[in-house]
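Engineer: no FASTA, just this:
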């Protein structure tokens, strides 16, 4: 990268927070996206506030330098893989937290992780109910940029559902604030849908391709203290899927409801069974592992009783093993990250959402691909909102076997196409969905025009958002 | 020290899934409040915590990254505190793997590391401290200590040359407890710093001489003050270097036994004090010695023990270890200053530890942070309570 540009970046962020060192650039050439080839950027800058971000983007836009925004570096779909000789803007220094207790909202800088925020909120008997499985390293802002979900989403939906407003630096260096905070006289974030159209929503899930989210305001809730953990077994996928629908219909407050097929659960038990203290057993065709949570104990007891009744009404049985949902919930900030190490393989995931009554179609397509290409993997899902399931099929390869990696990664696009035909939708519009989504041509065209309007020079993460 | 199995080393480095929880994880219910002290106290680039170091190590080993001083820097800017290993879910130890990488890179010249290695070979200590011997501190006591016997007090380089108060307090404690003990005429270096900085071949040579020296002394028990010596003698010697020693005990375990056996009875100090305990990484996280120093402190009437967060397994490092104090002294002191700030939050007037190397760096940290807090060894406090 041109030395004059580097000098300018140093003037903005401080010389100690700009690097063009070979080792540093190498370390920023990839993220947790094991299946994506690394690409070396030309420089890395670590700004400390939105004004610095704006000044950096002004330079990048002026010189047509490709920009990749990065925070925790936990992305799994290649969202933060840089462009060759491009600029990585790393946001971990934006670490302020401001609570608006009366508004039941909190504003966090783009460098604040879920773990840090949880500690802060617990001091006020509050919590943010949704967190990703990478919560100890992933930032709230980064998760908003991919519209992630995770434990708690069965109750509160994807993270986007909790967003009240964003501070965004546009590629042309303008800084905008969305939601009620756009009014400088407002006491804080109390309404997302202020000032007409939902501009906030445009940036949720935008994968850093439309602007830089420098702070996020989100809803927070009174911390729940009462939980019920249980497992429910079913002999058919129809029973299990209907069970999940009925739970929602009856307002049972599931915080995390995972749906496992038998073989997947066996595989999962190999990873965490011993750690969770789960006794060996033959799991049924389908198992729902569920944590119900409530602020009030009496309401929780009512929910738990109702869940058991619904299970039996659907023809299922209450298995009664509480260690699985308890382990999932209590360890929600790290269980899945840690269990990915239980086996010696690297992995790639094809996140998508399905309707609860259509989960079996995803399972069928994933199984077909694994059989066809003969690689190891599994899938499971959890309820992720009003009526959706977040599916996370994972495929494994030996990290030192490049051929095997290529085989797995090569199959992902085919799988994504098949999943789409099976009714699935991507929420992280990763580049491998490009060209697969028949019927969305006009939608994608609008998205493309939006991108061209906001980012006319195409500096922001080009090609990542569904190929745009 | 066995040859490095390169295939195993590469496989281990590939085990990192780049999840990043080794950076700044805060998990209140599990006890983590930050993980990597280097990332926390430096400019915070990816190479400042283990995820980036693993990537750099792989590239250095497979040739994608040229072996230059600058490119090797991140490999040595690590205190090997092991907190990343504590949180990592992988089936390998990132910190031990990084130490092995240092071993592979040991032929690449690094001035500070090589100077320390030369000094140990020539003088038996990593320190440049003028004339005198490691046993000089004994002459400052009002009793004699023989040079041979069944129980050897091995003060270690830092206690015998820099923080002599630790050695003196330990000797007084043993003396008051009625323990017949000895201090070697010419105490060798245990070689901890050689191992941590990757100089394995020299460490083996040094260790063999050390083992012979202990054997010749007729010692049946070796009592140590330094957490680094303790780890080296009880873990590296038998496991990595294949050398047997007599029983090696850290003074906090030894003293805790003296208390439980009622051989000593701590008396009230002059005034009540609030004390917080810093867990040395080698002693706590690596060897699991958490309770003895706390038992000692709680046995002293008038001492109120308050805990820093994080503590025990998840305690943050003082910054001195892994050769960091030599390789990047400013960074090591910044890390110590950060730990001192954590101690200040507890309201303690004294931060105690059980490692002279930690104590030395915490002194520097307190000075850097401009904080009026006493830094001491557990044994100093205990010995004070026996007068």
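Structural biologist: Alright, I've got the coordinates. Note that the structure is predicted; figures quoted are calculated from it, not measured.
Engineer: Could I get the contacting residues of residue 381?
Structural biologist: I went with chain A, as the question did not name one. Contacts for residue A:381 (Cβ atoms under 8 Å, 6 or more residues apart in numbering or on different chains) come out as A:258-259, A:354, A:359, A:362, A:389-392. C-betas here are computed from N, CA, C, even on glycine.
Engineer: wrong one, chain B
Structural biologist: Contacts of residue B:381 (Cβ under 8 Å, 6+ apart): B:269, B:275, B:296-297, B:300, B:303, B:350, B:352.
Engineer: Spatially central, which residue of the chain would that be?
Structural biologist: Assuming you mean chain A. Closest residue to the average C-alpha location of chain A: residue A:148 at 2.4 Å, with Cα atoms, centre = their mean.
Engineer: ah, no, chain B please
Structural biologist: Short answer for chain B (Cα atoms, centre = their mean): residue B:228, at 3.7 Å.
Engineer: which secondary structure elements does whichever strand or helix holds that residue contact?
Structural biologist: Residue B:228 belongs to helix B:227-231 when assigned by DSSP states H and E. If contacts are counted by 3 or more Cβ pairs under 8 Å, 6 or more residues apart in numbering or on different chains; DSSP states H and E, helix B:227-231 sits against helix B:192-196, strand B:247-250, helix B:356-368.
Engineer: any idea which of those is most buried?
Structural biologist: helix B:192-196 (a mean of 27; mean count of other Cβ atoms under 10 Å in any protein chain shown).
Engineer: What are the buried residues along the following helix or strand past that one?
Structural biologist: Later in the chain than helix B:192-196, the nearest helix or strand by DSSP H and E is helix B:200-217. Buried positions in helix B:200-217, judged by neighbour count with 16 or more other Cβ atoms under 10 Å in any protein chain shown: B:200, B:202-204, B:206-207, B:210-211, B:213-214, B:217.
Engineer: Which one of the helices and strands packed on helix B:227-231 lies nearest to chain A?
Structural biologist: Relative to chain A, the nearest member of these by Cβ to the nearest Cβ is helix B:356-368, separated by 17.7 Å.
Engineer: Contacts for the closest one next, please.
Structural biologist: By Cβ under 8 Å, 6+ apart, the list of residues contacting helix B:356-368 from outside reads B:156, B:158-159, B:162-163, B:166, B:225-228, B:278, B:280, B:318-321, B:325, B:332-340, B:351, B:353, B:372-373, B:375-377.
Engineer: which among the residues you listed end up buried?
Structural biologist: Neighbour-count burial (16+ other Cβ under 10 Å) applied to the contacts of helix B:356-368 gives B:156, B:158-159, B:162-163, B:166, B:225-228, B:278, B:280, B:318-321, B:325, B:332-340, B:351, B:353, B:373, B:375-377.
Engineer: Local confidence estimate at whichever residue of the stretch 251-400 of chain A sits closest to chain B?
Structural biologist: Nearest residue of the stretch 251-400 of chain A to chain B, counting by Cβ to the nearest Cβ: residue A:338, 3.1 Å away. You'll see residue A:338 listed with a pLDDT of 72.
Engineer: same check, this time on the one 10 residues further on
Structural biologist: Residue A:348 is assigned 77 on the pLDDT scale.
Engineer: Can you tell me the element it falls in?
Structural biologist: strand A:346-349.
Engineer: Does anything pack onto that strand? Which helices or strands?
Structural biologist: For strand A:346-349, the packing partners by 3+ Cβ pairs under 8 Å, 6+ apart are strand A:394-397, helix A:402-421.
Engineer: Is chain B within reach of the longest one?
Structural biologist: No. Applying Cβ under 8 Å from any Cβ of the partner chain, one finds helix A:402-421 separated from chain B by no less than 11.0 Å.
Engineer: which residues make contact with that helix from outside it?
Structural biologist: So helix A:402-421 is contacted by A:34-35, A:346, A:348, A:350, A:352, A:362, A:365-366, A:368-369, A:372-373, A:375, A:393, A:395-399, A:426, A:432-433, A:436-438 (Cβ under 8 Å, 6+ apart).
Engineer: Pull out the buried positions in it.
Structural biologist: A:404-405, A:408-409, A:411-420.
Engineer: How far away from the center of its chain is it?
Structural biologist: Centroid separation for helix A:402-421 versus its chain: 20 Å, with Cα atoms, centre = their mean, to the nearest Å.
Engineer: just the first one next, same as before
Structural biologist: Strand A:394-397 has its C-alpha centroid displaced from the chain centroid by 19 Å (Cα atoms, centre = their mean).
Engineer: And it, what does it pack against?
Structural biologist: Checking 3+ Cβ pairs under 8 Å, 6+ apart, strand A:394-397 ends up next to strand A:346-349, strand A:377-378, helix A:402-421.
Engineer: in its sheet, what does whichever helix or strand comes after the second one sit against?
Structural biologist: Pointing back at strand A:377-378 there. Counting by DSSP H and E, the next helix or strand C-terminal to strand A:377-378 is strand A:381-383. Sheet pairing of strand A:381-383 (DSSP bridges) gives strand A:254-261 (antiparallel), strand A:389-391 (antiparallel).
Engineer: What about residue 266, how many residues nearby?
Structural biologist: Since no chain was named, I'll use chain A. Residues contacting residue A:266 under the criterion other Cβ atoms under 10 Å in any protein chain shown number 16.
Engineer: wrong one, I was asking about chain B
Structural biologist: 21.
Engineer: For it, which residues are in contact?
Structural biologist: When the contact criterion is Cβ under 8 Å, 6+ apart, the partners of residue B:266 are B:259, B:299-301, B:382, B:385-386.
Engineer: residues in contact with residue A:377?
Structural biologist: Residue A:377 neighbours (Cβ under 8 Å, 6+ apart): A:366, A:370, A:393-396.
Engineer: next one: residue A:373
Structural biologist: Per Cβ under 8 Å, 6+ apart, neighbours of residue A:373: A:407-408, A:411.
Engineer: ok so, going back, got a quick ChimeraX command for the buried subset of the contacts of residue B:266?
Structural biologist: The ChimeraX command for the buried members of these (criterion: 16+ other Cβ under 10 Å) is given here:
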select /B:259,299,300,382,385,386
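Engineer: how about the contacts of residue B:266 in TSV, adding pLDDT and distance to chain A?
Structural biologist: Below are the contacts of residue B:266 laid out as TSV (pLDDT from 0 to 100; distance: Cβ to the nearest Cβ, whole Å):
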residue	pLDDT	distance to chain A
B:259	97	36
B:299	97	33
B:300	98	32
B:301	97	34
B:382	97	35
B:385	96	36
B:386	93	41
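Engineer: Up against chain B, what does the stretch 351-468 of chain A have?
Structural biologist: By Cβ under 8 Å from any Cβ, the residues of the stretch 351-468 of chain A that approach chain B are A:399-400.
Engineer: Done for today, thanks.
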